[in-house]
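Peer 1: turn this into a model:
(one chain, ligands or ions: 12)
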Amino acid sequence: MDLLKVFALLPIVTIWLGARALPNAPDAYTPKGEICPTTRPSVRNGSSISTNETAWLERRRNVTVDAMIEFLGRLDLGSLNASLYIEENAANASALPNIGIAASGGGYRALMNGAGGLQAFDSRTVNSSLPGHLGGILQSATYLSGLSGGSWLVGSIYINNFTDVTSLRDSGTVWLFQDSIFVGPKDSTTFAVRTSDYYSQMQDAVAGKTDAGYNTSITDYWGRALAYQLLNATQGGVDYTWSSIALSPNFQSGGMPMPIVVADGRAPGQIIIPANTTVFEFNPWELGTFNPPLQAMVPLEFLGSNFSTGTLPTGQQCVRGFDNAGFVMGTSSSLFNQAFLQVNNTQAPQIVKNSVSQILSSLGAANLDIAVYEPNPFYLYNNQSEYANSSVLTLVDGGEDLQNIPLEPLLQPQRKVDIILALDSSADTSTRWPNGTAMVATYQRSLSSLGQQSGLAFPPVPDQNTFINLGLNNRPTFFGCNSSNASGSVPLVVYIPNAPYSYQSNVSTFDLQYNTTERDAIIENGYDVATLGNATADSKWPTCLGCAILSRSLERTNTAVPESCRACFQQYCWNGTTNSTDPGPYYPTYKLSQLHGSTSGARRSILFTSRLELEVVEAAVCYALICSLLW
Ligand SMILES: *[C@@H]1O[C@H](CO)[C@@H](O)[C@H](O)[C@H]1NC(C)=O
Ligand SMILES: *[C@@H]1O[C@H](CO)[C@@H](O)[C@H](O)[C@H]1NC(C)=O
Ligand SMILES: *[C@@H]1O[C@H](CO)[C@@H](O)[C@H](O)[C@H]1NC(C)=O
Ligand SMILES: *[C@@H]1O[C@H](CO)[C@@H](O)[C@H](O)[C@H]1NC(C)=O
Ligand SMILES: *[C@@H]1O[C@H](CO)[C@@H](O)[C@H](O)[C@H]1NC(C)=O
Ligand SMILES: *[C@@H]1O[C@H](CO)[C@@H](O)[C@H](O)[C@H]1NC(C)=O
Ligand SMILES: *[C@@H]1O[C@H](CO)[C@@H](O)[C@H](O)[C@H]1NC(C)=O
Ligand SMILES: *[C@@H]1O[C@H](CO)[C@@H](O)[C@H](O)[C@H]1NC(C)=O
Ligand SMILES: *[C@@H]1O[C@H](CO)[C@@H](O)[C@H](O)[C@H]1NC(C)=O
Ligand SMILES: *[C@@H]1O[C@H](CO)[C@@H](O)[C@H](O)[C@H]1NC(C)=O
Ligand SMILES: *[C@@H]1O[C@H](CO)[C@@H](O)[C@H](O)[C@H]1NC(C)=O
Ligand SMILES: *[C@@H]1O[C@H](CO)[C@@H](O)[C@H](O)[C@H]1NC(C)=O
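Peer 2: Ligands and ions are numbered 1, 2, ... in the order given. The predicted structure follows:
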């Protein structure tokens, strides 16, 4: 058989292999040029969503109907029979609620707290359809976005066949956070490797990519290391691609929400990421940005191909395998690259220490956090964007512009999301709890000229002091309840901040190791954060969340808002009040006071004056003392 025929058969073979994201990279971690399909891939204008997404949306919106009937039907919405309402409008999916869920960054804290939230929203979780629980929201959702630590959560779920959080937690093969990335998965029941083998596998993988002529950065090692913890496959799923999600039949038929991972662009010569930076997304089909002036999308599968002026010149092969799933998650969380500064204190073999050190010294401090995408797929795509003038595209951690919740993809006007559940695990206060900084950042960006050009509409939110003084960072709050205040369509945002219910879940972003007890306690606390302790903190919470989910849809169909929802909005909507006085140090008390003797204070909470200072000090202390012993 000639090569062309082999290639033509590839999609069939890979689909046949199994109903999950696929190990379909041509040569493990090394990107490889192949014969192009008859329609050569090209860069497209990012002023609209893709035709792939549009076609997929039709299927997904239909599939969510039954899940909504199930979930909303369980709630007591007074005069409104919600399941009947959904049924009556089912023929017109665009009348129905269009739900997005966003999982913020914040390292393992964000992974675990976000996991508790997704577990609560997932109808597959045992007992999640009991009164006071919220199972079925995930099945009703259209989009699920993740950033940095939140991207680990999203990636781990999707690359493992949209498995559920409970299965990942209890697998014994992945999520073994007691084995830090510096020792590798030595306790995995299926994929245990000796630490030295783990390092040589990583080294071989990255060296393969380098030897094939691709520039690598410390993110390649970081992404490899992460993947060993997150992907249920040998060698950290070294041949799983992000684009293979789009090939899984379950995804294609609309059986799960669309996953989106966010990274920030670092323009050539830039060091600090400005608030108006270009925000990139990885979705199952594409990498790119809706933001002008770049405003461009490239097919993810063919990343690594030598695009120029948006096309792949004849003679250039179609490269596949660049979009390694671990590398995508590593890119979104590249702030953590700096952990590798400690490589000399680890058990890594000398050859790894040397190559990591060599990369670190060649990068210089300003570039430690970059992921290198070279060749730049957007090279010479247009002449208005500085990104298009460089042969390299550098991407960094999605939270570096302070938009630590991946809201932006969900604000793309054509996606028509009307309700966003925003899980915020940020460490904003000196005691590492959220204070609304991510919401403020996205709101301000929506007002900026870039936000206006990008059509980003976001409801008004108050300053961070108000968030704390009014307790908006300690319980769920609805923003944008009154859509008539807004010009154009604005989603209703349900802000769900990390708070202590049953555990002080404000662990440090730079804590890279957790025993099973603590991991499970933080996930369980996350479940309580989303459900308000299974509605023990407010028995009306499930109803009120249902009201928020239905709100925009009721407006579209001119349906009267039931009285029970009015009461909910009175209680949960931010009404415009502010109190901007300095709140002083923030020490939340346990929300479920029956648990744990202590009522306040935080584990390992030391007071620093700013987040940056805190994190720098913590990292330094960790590296110098504790971590070198642990690792
Ligand atoms: C993936 O999940 C689906 C739905 O749960 C299941 O039918 C399928 O067999 C799974 N595929 C693999 C390869 O595990
Ligand atoms: C992309 O489309 C938008 C809207 O039609 C247009 O303004 C913009 O110039 C296009 N960009 C490029 C590079 O062609
Ligand atoms: C995306 O859409 C294009 C054009 O319709 C199609 O050729 C391609 O196969 C689709 N990609 C996937 C992964 O389904
Ligand atoms: C979605 O459901 C509607 C109404 O039941 C049906 O007409 C339409 O064909 C469905 N679309 C898809 C893509 O399944
Ligand atoms: C991990 O993969 C094994 C097969 O290799 C499968 O039996 C198991 O269910 C998977 N676990 C998760 C959590 O995906
Ligand atoms: C971001 O802001 C800077 C300074 O205000 C401005 O020079 C630059 O053009 C802006 N970039 C974008 C992409 O809007
Ligand atoms: C590790 O040690 C080597 C040799 O002592 C040194 O050259 C290198 O800079 C160190 N690497 C880091 C990341 O500190
Ligand atoms: C809120 O968080 C930001 C950083 O995210 C921090 O700079 C600011 O001091 C915090 N404010 C309060 C009142 O906690
Ligand atoms: C797990 O970690 C927590 C927090 O560091 C610690 O208090 C606890 O003793 C540890 N438990 C075990 C079984 O090691
Ligand atoms: C809520 O339910 C979850 C799962 O059933 C459980 O783990 C958690 O402890 C419960 N929380 C409270 C406060 O009852
Ligand atoms: C707005 O909310 C605050 C508490 O957050 C409350 O004190 C005030 O009375 C409310 N105002 C109105 C008009 O409801
Ligand atoms: C504003 O918040 C402070 C706490 O930082 C509180 O002491 C004060 O009473 C609040 N002011 C009003 C008007 O509620």
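
Peer 1: what's the following helix or strand after the strand or helix carrying residue 199?
Peer 2: Assigned by DSSP states H and E, residue 199 belongs to helix 195-211. Scanning forward in sequence from helix 195-211, with DSSP H and E defining helices and strands, the next element found is helix 218-230.

Peer 1: how many neighbours does the residue lying closest to residue 511 once chain neighbours are set aside have?
Peer 2: Distances taken as C-beta to C-beta, 6 or more residues apart in numbering put residue 108 closest to residue 511, at 6.6 Å, once the chain neighbours are dropped. In this view, the C-beta of every residue, glycine as well, is placed from N, C-alpha and C. Residue 108 has 26 neighbouring residues, counting by other C-beta atoms under 10 Å.

Peer 1: surely residue 108 touches residue 177?
Peer 2: Yes: the pair residue 108 and residue 177 qualifies as a contact (C-beta atoms under 8 Å) at a distance of 6.2 Å.

Peer 1: what touches both of the two?
Peer 2: Common neighbours of residue 108 and residue 177, counting by C-beta atoms under 8 Å, 6 or more residues apart in numbering, are residue 514.

Peer 1: which stretches of the stretch 351-500 of the chain have low pLDDT?
Peer 2: 485-487 (pLDDT under 70).

Peer 1: all strands for it, in order.
Peer 2: With strands called from DSSP state E, counting those that start in this stretch, the stretch 351-500 of the chain shows them at 371-373, 393-397, 419-424, 477-479, 492-497.

Peer 1: out of these, nearest to ligand 5?
Peer 2: Nearest to ligand 5 among the strands of the stretch 351-500 of the chain is strand 419-424 (21.0 Å), distances taken as C-beta to the nearest ligand atom.

Peer 1: let me know whether the closest one sits next to ligand 8.
Peer 2: No: using C-beta under 6 Å from any ligand atom, strand 419-424 stays clear of ligand 8, with a minimum separation of 10.9 Å.

Peer 1: in the chain, which residue is most central in space?
Peer 2: For the chain, residue 146 is the residue whose C-alpha lies nearest the centre (C-alpha atoms, centre = their mean; 0.9 Å).

Peer 1: centre of the chain to stretch 419-426, how far?
Peer 2: Here stretch 419-426 is found 11 Å from its chain centre; the criterion is C-alpha atoms, centre = their mean, to the nearest Å.

Peer 1: buried residues in that stretch?
Peer 2: Along stretch 419-426, these residues count as buried under the neighbour rule (16 or more other C-beta atoms under 10 Å): 419-426.

Peer 1: ok, now stretch 197-209?
Peer 2: 198-203, 205-209.

Peer 1: report the distance from it to the chain centre.
Peer 2: With C-alpha atoms, centre = their mean as the basis, stretch 197-209 stands 26 Å off its chain's centre.

Peer 1: contact partners for the closest residue to ligand 6 within the stretch 151-300 of the chain?
Peer 2: Of all residues in the stretch 151-300 of the chain, residue 276 sits closest to ligand 6, with a separation of 3.7 Å (C-beta to the nearest ligand atom). Taking C-beta under 8 Å, 6+ apart, we find residue 276 in contact with 445, 448-450.

Peer 1: longest single strand anywhere in the protein?
Peer 2: Using DSSP state E, we find that the single longest strand of the chain is strand 258-265.

Peer 1: just checking, what packs against that strand?
Peer 2: Using 3 or more C-beta pairs under 8 Å, 6 or more residues apart in numbering; DSSP states H and E, the elements in contact with strand 258-265 are helix 51-73, strand 143-147, helix 149-159, strand 279-282, helix 325-332, strand 393-397, helix 408-411.

Peer 1: now the angle from the longest one to strand 258-265?
Peer 2: I take that to be helix 51-73. If you take axes from the mean of the first three to the mean of the last three C-alpha atoms, to 10 degrees, helix 51-73 sits at 120 degrees to strand 258-265.

Peer 1: for helix 51-73, what is the average pLDDT?
Peer 2: For helix 51-73, the mean pLDDT works out to 97.

Peer 1: is the next helix or strand after that helix positioned near ligand 4?
Peer 2: The helix or strand immediately downstream of helix 51-73 is helix 82-89, counting by DSSP H and E. No: judged by C-beta under 6 Å from any ligand atom, helix 82-89 makes no contact with ligand 4; its nearest approach is 10.6 Å.

Peer 1: ok, residues contacting the helix or strand that comes right after helix 82-89?
Peer 2: Remark: after helix 82-89, the chain's next helix or strand is strand 99-103, criterion DSSP H and E. The contact list for strand 99-103, computed with C-beta under 8 Å, 6+ apart, reads 64, 110, 114, 117-118, 121, 137-138, 140-147, 150-151, 153-154, 257, 405-407, 410, 415, 417-423, 425, 491, 549.

Peer 1: residues touching the residue nearest to residue 511, list them.
Peer 2: Listed by C-beta under 8 Å, 6+ apart, the contact set of residue 108 reads 149, 177, 507, 511-512, 514.

Peer 1: same thing but at 7 Å, please
Peer 2: By C-beta atoms under 7 Å, 6 or more residues apart in numbering, the residues touching residue 108 are 149, 177, 511-512, 514.

Peer 1: which helix or strand contains it?
Peer 2: helix 107-121.

Peer 1: distance of the closest residue to residue 175 other than its chain neighbours from ligand 5?
Peer 2: Nearest in space to residue 175, with sequence neighbours left out and distances taken as C-beta to C-beta, 6+ apart, is residue 168 at 5.1 Å. Residue 168 sits 5 Å away from ligand 5, going by C-beta to the nearest ligand atom, to the nearest Å.
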